[in-house]
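*Asks:* When you get a sec, could you give me coordinates for this:
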Amino acid sequence: MSFYPMVSEDEFLAAVEHISGVLAAKHRFGAHDPEDIKQMVALYSLEAMPKFDPVKGNLPGYLFRHSSNRLLNLRRDELGVRSDPPCR
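*Replies:* Take a look at the predicted model:
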């Protein structure tokens, strides 16, 4: 059984496990502990799968960038903290 036509369920779960560990250490903020971040990464990864195109890149890279951007947006919205410089 395949999770997504181009990706097996085991491949997806392995990618999410690795990515969630890395991002949980990198994106701690507010009242979110590492386990919360891991769960958010898993959810963001599931939501991102319909738009994944293996021709454009690999699964771990795609899920990492998507989840990292979503966490940065969440931090910006909750704390008003931006990681990029403001426009001139």
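*Asks:* so where is this structure shaky, pLDDT-wise?
*Replies:* Scanning the chain for pLDDT under 70 picks out the ranges 1-5, 30, 81-84.
*Asks:* hmm, 90 instead?
*Replies:* Low-confidence segments of the chain (pLDDT under 90): 1-8, 24-34, 36-37, 53-55, 72-88.
*Asks:* Tell me which residues touch the residue sitting nearest the centre point of the chain, please.
*Replies:* Nearest residue to the geometric centre of the chain (CA atoms, centre = their mean): residue 67, 1.8 Å. Residue 67 is in contact with 19-20, 23, 40-41, 44-45, 48, counting by CB atoms under 8 Å, 6 or more residues apart in numbering. Yep, even glycine has a C-beta here, placed from its N, CA and C like the rest.
*Asks:* how near is it to residue 87?
*Replies:* Distance, residue 67 to residue 87, using CB to CB, to the nearest Å: 25 Å.
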